[in-house]
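Asks: coords below, sequence missing:
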DNA sequence: CCGGATCCGTTTCGATACTG
DNA sequence: CAGTATCGAAACGGATCCGG
């Protein structure tokens, strides 16, 4: 896991430890990819259109694991591949990220060509719809988890 | 405003333009300082405990202004100082950032020594209280704005 | 003094090549 | 497939300088 020359979250500043995490584009993107697009493996993450490079990806996965936001698992049948899954803390980030996306959808439209619409436009100012949407995503995430996973405690 | 050697948000990636903004620690911190601590001037921002350096601060203020999240104003009586204020888009970020802080408060307590408590612990799972809290912050922000500000269109 | 701009050494990123 | 190693490029942090 040698992580010289790699970003270390500083934390320890008042209030800002969460901003340290959220204030990192790649961590955010990884988590979004997990609950939105059900990505789980290293390969899947590295093939997102935002093109995270493998060393950064590796670094962020370790970091998120240390913060207990994600968990690294083995497939019982395939020892060569690993599946990263959201912990409960990670799942609790769903509303937060949805909130961010809704904001962006309404306030950055000029920057955001809406290449693919996640259908969140209508959620603003509709609390009930928003909560429904969020719990759907959470359930869908949990339902689609492979059964054959064993946590890795390396 | 020459911004060589300075971070340029990439945007243009699908969905992620909002994550480009939010996924930047300093922008986030500046906005938090604005609505939470009513900071407005260059000096006030640069004296936050997170110690943003002046070149980075300058860069982010310009960036946020370009995105129309903040606005640069002159004091009518004091031409030497400028006041940065939140636009409507900026104000709409309040719920988002609160959401982030609530999450951090509940999920990163080990990292977050709670040096100063913003009193958001109880808002989780209490939608009504949360909305109240948010509108209080928004109103308080607007109420405390200096009256003697004139927008700057440089 | 205030709001930056500029310079410079250090850290982190990003792209790609490489390894078990 | 899941990472590591490497290296040039970009961003950062700190200090200093400067016009108003």
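Replies: Yep, that arrived. The structure presented is a predicted model; accordingly, all values stated were derived computationally and were not measured.
Asks: which stretches of chain A form helices?
Replies: For chain A, the helices defined by DSSP state H cover A:17-22, A:25-37, A:42-46, A:54-66, A:88-91, A:94-107, A:127-143.
Asks: lowest average confidence across the ones you listed, which one?
Replies: Among these, helix A:17-22 carries the lowest mean pLDDT, at a mean of 88.
Asks: re earlier: out of the helices of chain A, which comes closest to residue B:32?
Replies: Among these, helix A:17-22 comes nearest to residue B:32, with 7.1 Å by C-beta to C-beta. Every C-beta, even on glycine, is put in place using the N, C-alpha and C of the backbone.
Asks: any residue of that closest one up close to DNA strand D?
Replies: No. Helix A:17-22 is not in contact with DNA strand D by C-beta under 7 Å from any atom of the strand; minimum separation 10.9 Å.
Asks: touching DNA strand C at all, that helix?
Replies: No. For helix A:17-22, no contact with DNA strand C is found by C-beta under 7 Å from any atom of the strand; the gap never falls below 11.3 Å.
Asks: give me the most central residue, chain A.
Replies: What sits nearest the mean C-alpha location of chain A, by C-alpha atoms, centre = their mean, is residue A:31, with 0.2 Å.
Asks: ok, residue A:106 touching residue B:92?
Replies: Yes. Using C-beta atoms under 8 Å, residue A:106 is in contact with residue B:92, at 7.0 Å.
Asks: re the thing from before, highest mean neighbour count out of the helices of chain A?
Replies: Here the criterion is mean neighbour count by mean count of other C-beta atoms under 10 Å in any protein chain shown, and of these the winner is helix A:17-22, at a mean of 26.
Asks: report all helices and strands that it contacts.
Replies: On a contact count with 3 or more C-beta pairs under 8 Å, 6 or more residues apart in numbering or on different chains; DSSP states H and E, helix A:17-22 meets helix B:25-37, helix B:94-107.
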